[in-house]
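Asks: Quick one: sequence and predicted model below, then my questions.
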Amino acid sequence: MKFQGRSISNGKAKGEVLKLEEPLSFLGGVDGATGDLRVRDGNVAGKILVFPKGKGSTVGSYVMYDLMVHGKEPAAVINESAETIVATGAVISSIPMIDRIPSVRLFEDGDIVTVDATAGTVEIEGIVYKEVVSSVVSRNGKCILEKRFDTSRSYPGCWSLVAGKVEDGESPVDAARREILEETSIKVGEPLGSMEPLYVREGKTLFKVFCFHFDAGDQEVVLNEENEKYMWASVEDAEKLKTVTDTLLVMRTFLGK
Amino acid sequence: MDLTREEEAILNGEMGEGRQKAMELVTALGKIYGADSLIDITSAHLSGASYKTIGDGGLKYLEDLVGGGAEVSVPSTLNPVGMDRTRWKEMHITPEFAEKQLRIIDLYGRMGIKTTCSCTPYVGPNVPSMGDHVAWAESSALSFVNSYIGARTNREGGPGALAAAILGKTANYGLHLDENRVPTVVIDADIDGSVFSYSLLGQAVGMAIGSGIPYFKNIKPEVEEAKALCAAMAASGSIALYHVEGVTPEAGGFDVSDLETIHIGKKELQDAYDKLNKVDDVQLISIGCPHLTEKEMHQIAGFLKDKEKRNKDIEIWFCTSAEVRDRCPEDVKIMERFGPVLADTCMVVAPIEGSFQRTGTNSAKAGNYLPTLCSQKAMCRDISALMELVI
C-alpha cells in the first residue's frame, strides 16, 4: 500500500519502522552517539523513524547531525507535520524525510517500508487495506451504541458505533446509510457532519474509517442478527463502557463534550 | 515554490555542494511555512554559537561546512558564545570547553561571519534599515529589528539563518509579508517606565497572550527599554514583533479600534515578578541579558562609583559586547571592583550549572531560561536591588 506525502529532505530508504506515538525532542530524547532512545526502548539507527512531529530545543537539529557523524542516524524520518527542528536536522544530515502522511497510525513497529522522500511517498509492505464507515446516529445528544457478540471476530464484546465495510463501487456515505438501515432499520437522510478519516491498524490490516453524523429522528431501532443489543448513550455513558477504538473520539467530535 | 533559474541551479548542485545544502534547507523550511518564493536579504545574525548549546554535533557540522568552502554572502554577525574569549578562567570554564569554544568561533570567522559574539548587534556592527528583509536568529535581537527598526525577519533557527546568510536569500513568508505584521491585540500598559518595569511588562504580555503581535499604548521605550521588552516577550512567549503607538515606525499605519484590549498594570506585573523569583539568596549576580549598552554601563558605574563590595561570597558578572567594553574604559574600571566585565558571553549560554545553583538577574529573559537551560533557581530584581545584596 503506497501513500503520498510531501518531500522535506530528498533521498530513498528501505527499512523497518520504529514508531513513536508522541512528538519527539531529539535533544534529550535520543542519544546522539549511540542512537538509543531515551523515551522508550529502541534504537533509531537504520530505522524508518515515524513520529507525529518534532518538539523541544532547536539543538535537536545538531543531535541528528551527531547521529549521522556516528553512523547511528535513522534511514528515514516520517512525520505527520514537519517543523523547523527536525526538518533542519534531516536536511543538514542528509536523512530522507517526508511529512503530510495521513497519520502515524498507518504504521506499526516492524513494518517494512520503502520511502522515496524525493517523490514524497511511502509504501508499506504486506498489509491489507480496507475502507470502513462508522456513524454516530443521534437523538437528543445520545447516539446508538451496539454491543458486539463475545464471539465476534473483531472487538468481541465491545460497544461500537454503527459500523461496517464499504463495498466495491459504493461511496462511503452510501455505505454508512446502508449499514445503518441493515443494523438498526433506521432510514437516515443527509449527514449532519463528517470528519477527516481515521486510520486503525489491526495486525496486518489497515482500516481507513470514514465517520459520519446522522439524525435518527423519532424512528425505532430494530436490530438485525449482527449485534447482541443496543443502547442510547451520551459521551459520559460511553466513557464507562468498553468501546471499539476511537468511539469516544468520534462521539466527542459530533456530540461535543 | 517558484524558484528563479539561478536558484534552481544552486538547488541542483551547479554552484557547489555547500550552496546546494544551504538551498535545500532554505527551501525545505519555506515549504513547511508555505512560502511561494525566496527573497533577497541584506544581513543575517546567527545563533548556535555556544559549545554548551550546540555540542559536538554542532561543532562537527560547522567543521564540515567550512571544509566544504561555505562562505556567507551578506554581512553577518554572531550571537554570544559560552565564555569570554580571554577571561574564561574567571568564569570557571574548563580548558576542554574553552578549546572547543574557540574552535567554534574560528569556524564561524572562516565563513566570513563577524565574530562579534553579541546579542545586541543592532547597536553596533549590524544595523538594518526600515523595510530591509533580513534573516536573524536570536529571539530578542530579531524582535528588536522587526519592531523598533521596522526591518523584516522571521524567528530563524541557527542553521536556517546560516543557510540564508550563505545564499543571501531566505524564504518569503510570515513577517516578511505586510499582511502578517498587523497587530492582533492592544496592550494598555501602566508601568513606572524603568528598564526593569519593561522587563516585567514583557514577561506579563508573554504570559497573557503567548504569541501574536501586541500594539502598546501609554509607553515610550528608548533603545534600552525596547531591548528589555523584546527579550522578555520572546522568552515568556514567542513574540517576534510588536508595535508601540507613537514610537515604532510601523505603528501609525494600523487601525486598532476593533482589537481586544488587555490591561497590564500593578497586579499583572506582580504576577510576572512572582513567576520569575523563586529564591531569596544567590551565589551569582549576572547583569547584561541582552548585553549592556554604553548608556547602561554609564548608569551602573555611576551607581557603584562610591560604593564598596562587602559581600565577597556573591560573584557578579557584567555582560556586554567587546565594542561596548572598549568604549567605556572608565566605567569598566569602577565595575571591575565588583566583578568582571565580560565580553562575548552571558550567563544563559555559559556553562554556569557546573559552578552555581542560584543566580540573580535583572533580565526577565534570563529569568525564564536560567531554570531550564542552566539548572538554576533564579531571582529577578532591578539592578539596584541586586546590588543591595553585596554593598
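Replies: Cool, got the structure. Numbering: from 1, shown residues only, chains lettered A, B, ... in the order given.

Asks: Only the C-alpha atoms, please, for stretch B:98-113, written as CSV.
Replies: Only the C-alpha atoms of stretch B:98-113 are listed here, as CSV (Å, rounded to 0.1, in the frame of the first residue of the first chain):
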residue,chain,number,x,y,z
ALA,B,98,37.5,26.6,26.0
GLU,B,99,39.4,24.8,23.3
LYS,B,100,36.2,23.7,21.6
GLN,B,101,34.5,27.1,22.0
LEU,B,102,37.5,28.9,20.4
ARG,B,103,37.3,26.4,17.5
ILE,B,104,33.7,27.2,17.0
ILE,B,105,34.4,31.0,16.9
ASP,B,106,37.2,30.4,14.5
LEU,B,107,35.0,28.3,12.2
TYR,B,108,32.3,31.0,12.0
GLY,B,109,35.0,33.5,11.3
ARG,B,110,36.3,31.4,8.4
MET,B,111,32.9,31.6,6.8
GLY,B,112,33.2,35.4,6.8
ILE,B,113,30.9,36.0,9.8
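
Asks: Counting neighbours, which bits of that stretch end up buried?
Replies: Using 16 or more other Cβ atoms under 10 Å in any protein chain shown as the test for burial, stretch B:98-113 gives B:98, B:100-101, B:104-105, B:107-108, B:110-111, B:113. Where C-beta positions appear, they are placed from N, C-alpha and C, glycine not excepted.

Asks: so does that stretch get close to chain A?
Replies: No. Stretch B:98-113 lies out of reach of chain A by Cβ under 8 Å from any Cβ of the partner chain, never closer than 11.6 Å.

Asks: among the buried residues of stretch B:98-113, which are in helices?
Replies: Applying DSSP state H to the buried residues of stretch B:98-113, the entries found in helices are B:98, B:100-101, B:104-105, B:107-108, B:110.

Asks: Chain B contacts on the stretch 51-200 of chain A?
Replies: Counting by Cβ under 8 Å from any Cβ, the stretch 51-200 of chain A sits next to chain B at A:58-59, A:61-67, A:69, A:82-85, A:87-88, A:90-92, A:99.

Asks: quick one, what contacts the residue of chain A most remote from its centre?
Replies: Centroid-distance maximum for chain A: A:Asp218 at 33.9 Å, with Cα atoms, centre = their mean. A:Asp218 sits next to A:Arg139 when contact means Cβ atoms under 8 Å, 6 or more residues apart in numbering or on different chains.

Asks: And B:Arg327, by the same measure?
Replies: Applying Cβ under 8 Å, 6+ apart, the residues contacting B:Arg327 are B:Glu294.

Asks: so how many other residues sit close to B:Thr4?
Replies: 11 (other Cβ atoms under 10 Å in any protein chain shown).

Asks: Next, work out how far apart B:Asp190 and B:Ile264 are.
Replies: Distance of B:Asp190 to B:Ile264, given as Cβ to Cβ, to the nearest Å: 7 Å.

Asks: can you check B:Gly124 too?
Replies: 31 Å.

Asks: Have a look at the two and say which one is more surrounded.
Replies: Per other Cβ under 10 Å, whichever of B:Gly124 and B:Ile264 has more neighbours is B:Ile264, with 26 against 19.

Asks: which strand residues sit across from the more buried one in the sheet?
Replies: As for beta bridges, B:Ile264 partners with B:Ala189 under DSSP bridges.

Asks: who touches it in this structure?
Replies: Neighbours of B:Ile264 in contact, by Cβ under 8 Å, 6+ apart: B:187-191, B:201, B:204-205, B:208.

Asks: Could you pick out the longest helix of chain A?
Replies: helix A:172-184.

Asks: Buried ones in that one, by neighbour count?
Replies: Quick answer for helix A:172-184 (16+ other Cβ under 10 Å): A:172-173, A:175-177, A:179-180, A:183-184.

Asks: circling back to that earlier point, what about the residues of the stretch 51-200 of chain A next to chain B, which are in helices?
Replies: A:61-67, A:69, A:84-85, A:87-88, A:90-92.

Asks: Just the buried ones out of the residues you listed, please.
Replies: A:61-67, A:69, A:84-85, A:87-88, A:90-92.

Asks: of all the residues you listed, which two lie farthest apart?
Replies: A:Val69 and A:Thr84 (21.0 Å; Cβ to Cβ).

Asks: before we move on, back to that, name the member of the buried residues of helix A:172-184 with the shortest distance to chain B.
Replies: A:Pro172 (29.5 Å; Cβ to the nearest Cβ).

Asks: Surely the closest one touches A:Val166?
Replies: Yes. Taking contacts as Cβ atoms under 8 Å, A:Pro172 lies within contact range of A:Val166: 5.6 Å.

Asks: contacting residues for the closest residue to B:Leu259 other than its chain neighbours?
Replies: The spatially closest residue to B:Leu259, leaving aside those adjacent along the chain, is B:Val186, at 4.9 Å (Cβ to Cβ, 6 or more residues apart in numbering or on different chains). By Cβ under 8 Å, 6+ apart, B:Val186 lies in contact with B:214-217, B:256, B:259-262.

Asks: in chain B, which spans are strands?
Replies: Assigned by DSSP state E, the strands in chain B fall at B:38-40, B:44-46, B:76-78, B:135-136, B:169-171, B:185-189, B:214-217, B:243-244, B:261-264, B:284-292, B:315-320, B:341-343, B:358-361, B:377-380.

Asks: what would the ones you listed look like in CSV with mean pLDDT?
Replies: Output for those, formatted as CSV (pLDDT from 0 to 100):
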stretch, mean pLDDT
strand B:38-40, 98
strand B:44-46, 97
strand B:76-78, 98
strand B:135-136, 97
strand B:169-171, 98
strand B:185-189, 98
strand B:214-217, 98
strand B:243-244, 98
strand B:261-264, 98
strand B:284-292, 97
strand B:315-320, 98
strand B:341-343, 98
strand B:358-361, 98
strand B:377-380, 98
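
Asks: so which of the ones you listed gets nearest A:Gly203?
Replies: strand B:169-171 (42.6 Å).

Asks: What helices and strands are in contact with the closest one?
Replies: For strand B:169-171, the elements it packs on are helix B:17-32, strand B:38-40, judged by 3 or more Cβ pairs under 8 Å, 6 or more residues apart in numbering or on different chains; DSSP states H and E.

Asks: What are the contacting residues of that strand?
Replies: With Cβ under 8 Å, 6+ apart as the criterion, strand B:169-171 contacts B:1, B:7, B:26-27, B:29-30, B:33, B:35, B:37-41, B:133, B:135, B:154, B:156, B:160, B:164, B:176.

Asks: How far off centre is that strand?
Replies: With Cα atoms, centre = their mean, to the nearest Å as the basis, strand B:169-171 stands 21 Å off its chain's centre.

Asks: Now do the contacts for residue 90.
Replies: Looking at chain A here, since you left the chain open. Here A:Ala90 is in contact with A:8-9, A:64, A:77, A:96-97, B:28 (criterion: Cβ under 8 Å, 6+ apart).

Asks: Chain B, not that one
Replies: B:84, B:340, B:342.

Asks: Out of those, who's the most crowded?
Replies: That'd be B:Leu342 among the contacts of B:Glu90, by other Cβ under 10 Å, with 27 neighbours.

Asks: beta partners of that one?
Replies: B:Cys319.

Asks: In contact with it, which residues are there?
Replies: So B:Leu342 contacts B:84, B:87, B:90-91, B:288, B:317-320 (Cβ under 8 Å, 6+ apart).

Asks: Which entries within these meet the buried criterion?
Replies: B:84, B:91, B:288, B:317-320.
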